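S.K.: Sequence below, structure please.
(chains A and B)
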Amino acid sequence: MDFHFEIVQDYMPFFLKGMALTVGVSLAGVLIGLLLGLLIALGKMSSNQWVRLPFNIYINVFRGTPLLVQLLIIHFGIVPLFMAQSNPVVSLVIGLSLNSAAYIAEIFRAGIQSIDKGQMEAARSLGMTRVQAMKLVILPQAVKRVIPPLGNEFIVLLKESSLGSVLAAPELMYWGQAAAGQYIRVWEPYLTVALIYLVLTLSLTYLMNYIERRMKTDDLR
Amino acid sequence: MISVKHLKKSFGDNEVLKDISIDVNPQEVVVVIGPSGSGKSTFIRCLNMLESINGGHVVIDGKDLTDKKTNINEIRTNVGMVFQHFNLFPHKTILDNITLAPINVRGMNKKEAEEKAMVLLAKVGLAEKASAYPDSLSGGQKQRVAIARALAMEPKVMLFDEPTSALDPEMVGEVLEVMKQLAKDGMTMIVVTHEMGFAREVGDRVVFMDNGYIVEENEPKALFDDPKHERTKAFLSKVL
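M.R.: This is a model prediction of the structure:
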């Protein structure tokens, strides 16, 4: 097998641009997903089953259907209803956000429910409202416990953002395919793209481990 | 102060409290004893609605807890509770544990809340632990902090749900000592406990519960030395 480094060299500016977009949409997806996910988690924990229902449906739909299908529906079906010119990057961010929100909601719910029931009881017995108890007592403790699974979700999301290539969003995978198409080569573009994804996810793993360690030592003050 | 009338509570088909009626006067110390499963913990948890009430009435300081219009959060600020497992907030320092509710619920300013917390900590003998985290405290210390935390809201009543049951034996004394002092200061207290010595010494009245009913209640001396009911006799013969 001969490996043409000049192809990699040729496309490097595009790969780097694509990488920046991959990081950008993943970050946007996970941040919006965090916000939506927290709201969905709280909604799903309501004591009223009618309030719970829509949140349950949301989680089941977004976890139960492929992200690719969701992206296609969002990009070609839903976004055009609101925007004259649908933009693949916008659609990709919407899709990643809505999808990750479902997973993150479940991560939050598990984290919140893992906090001892006595914490809520103690807070309420001091006269705090449910919302105050959540904000001041439960969530600060839950956040530490959800860091590892959230890191996991971030890594999954970063890899899944490659599906944006199907919408022609110019992220990393898109440029990989473009290079493969132009040179009719497999190894150079795809191995390079794979390597860049690996560098991204490994950096992320390292970052998450670091945050986790910091949180742990915080406990031992 | 507290008036309980025909209180009923079930968990599913399991009727835990069948018909509880009792009045507690201001500054009175009522000690509730009874075998496990008798409903005494559930009873005390109903008094600040940590358990919903299925029937009857609980009136605290003139307000009926079962009335939908009653603001339960407001009632709870007047009813302090101490739990078997302390339930301190592990992410907060001891000082912050105590000031959290006064600042956020009572709207007290931070400085005032902290000054008051320090007074309370000194009272339970833990002033030097103010900046420590709960994890670094012994069980007995944790429970004393929990008592200080409840007192910071200046409650009119204190509820104790088996406050010494999770403690190593050598730490029981320090917690009971704080409770004794509290009783001496004139706090209205309801105490669920297995500490018969405390019941006898500090209680104004001892209530024996079994199987969801109050079987017998009397002054400590009378109840311990001359129980009227067979079940009370049987229970006391096992624990004394």
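S.K.: confidence score at residue 173?
M.R.: Going with chain A. pLDDT recorded at A:Met173 is 97.
S.K.: You answered for a different chain; I wanted chain B.
M.R.: Note for B:Gly173: predicted pLDDT of 95.
S.K.: same check, this time on A:Thr217
M.R.: Model confidence at A:Thr217, given as pLDDT, is 62.
S.K.: Helices along chain B, start to end?
M.R.: Secondary structure of chain B by DSSP state H: the helices cover B:40-46, B:72-78, B:94-104, B:110-123, B:139-151, B:169-184, B:196-202, B:220-225, B:230-239.
S.K.: is it possible to export those to a markdown table including distance to A:Leu98?
M.R.: (Each C-beta comes from the backbone N, C-alpha and C, glycine too.) Below are these laid out as a markdown table (distance: least, Cβ to Cβ, whole Å):
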| stretch | distance to A:Leu98 |
| --- | --- |
| helix B:40-46 | 41 |
| helix B:72-78 | 36 |
| helix B:94-104 | 34 |
| helix B:110-123 | 41 |
| helix B:139-151 | 42 |
| helix B:169-184 | 52 |
| helix B:196-202 | 58 |
| helix B:220-225 | 64 |
| helix B:230-239 | 60 |
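S.K.: and the strand or helix carrying A:Leu195, which residues are buried?
M.R.: Applying DSSP states H and E as the criterion places A:Leu195 in helix A:187-219. For helix A:187-219, the neighbour count (16 or more other Cβ atoms under 10 Å in any protein chain shown) marks A:188-189, A:192-193, A:196-197, A:200, A:204, A:208 as buried.
S.K.: And these, which is closest to chain B?
M.R.: Nearest to chain B among these is A:Met208, at 20.3 Å by Cβ to the nearest Cβ.
S.K.: Buried residues in stretch B:6-18, which are they?
M.R.: Within stretch B:6-18, the residues scored as buried using 16+ other Cβ under 10 Å are B:7-9, B:15-18.
S.K.: thinking again about what came up before, now the helices of chain B as TSV including mean neighbour count and distance to A:Asp10?
M.R.: As requested, those are exported to TSV (neighbours: other Cβ atoms under 10 Å in any protein chain shown; distance: least, Cβ to Cβ, whole Å):
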stretch	mean neighbour count	distance to A:Asp10
helix B:40-46	24	72
helix B:72-78	18	67
helix B:94-104	23	59
helix B:110-123	16	62
helix B:139-151	25	66
helix B:169-184	17	73
helix B:196-202	18	84
helix B:220-225	16	92
helix B:230-239	14	86
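S.K.: right, and the ones you listed - which one's nearest A:Pro80?
M.R.: Across the helices of chain B, A:Pro80 has its closest neighbour in helix B:94-104 (47.2 Å, Cβ to Cβ).
S.K.: average model confidence for that closest one?
M.R.: Across helix B:94-104, the average pLDDT comes to 97.
S.K.: neighbours of the closest residue to B:Phe235 other than its chain neighbours, just the number please.
M.R.: Closest residue to B:Phe235 apart from its sequence neighbours, by Cβ to Cβ, 6 or more residues apart in numbering or on different chains: B:Pro35 at 5.9 Å. B:Pro35 has 16 neighbouring residues, counting by other Cβ atoms under 10 Å in any protein chain shown.
S.K.: Roughly how far does B:Pro35 sit from B:Leu236?
M.R.: Distance, B:Pro35 to B:Leu236, using Cβ to Cβ, to the nearest Å: 11 Å.
S.K.: who in chain B is up against chain A?
M.R.: Contact residues, chain B versus chain A (Cβ under 8 Å from any Cβ of the partner chain): B:48, B:50, B:73-74, B:76-77, B:79-81, B:83, B:85, B:87-91, B:100-101, B:104-106, B:133, B:135, B:146, B:149-150, B:153.
S.K.: And the buried residues of stretch B:6-18, which two are furthest apart?
M.R.: Among the buried residues of stretch B:6-18, B:Leu7 and B:Glu15 lie farthest apart (Cβ to Cβ), at 11.5 Å.
S.K.: Name the residues contacting each of those two.
M.R.: Counting by Cβ atoms under 8 Å, 6 or more residues apart in numbering or on different chains, B:Leu7 and B:Glu15 have no contacts in common.
S.K.: how far is stretch B:215-234 from where the chain is centred?
M.R.: Between the centre of stretch B:215-234 and the centre of its chain there are 22 Å (Cα atoms, centre = their mean, to the nearest Å).
S.K.: I meant to write stretch A:17-35 there.
M.R.: From the chain centre to the centre of stretch A:17-35 is a distance of 8 Å (Cα atoms, centre = their mean).
S.K.: Mind listing residues that contact it?
M.R.: Contacts to stretch A:17-35, defined as Cβ under 8 Å, 6+ apart, come from residues A:89, A:92-93, A:96-101, A:103-104, A:150, A:153-154, A:157-158, A:161-162, A:164, A:169-176, A:196-197, A:200.
S.K.: rerun that using 6 Å as the cut-off
M.R.: The contact list for stretch A:17-35 (Cβ atoms under 6 Å, 6 or more residues apart in numbering or on different chains) reads A:92-93, A:96-97, A:100-101, A:104, A:154, A:157-158, A:161, A:171-172, A:175, A:196.
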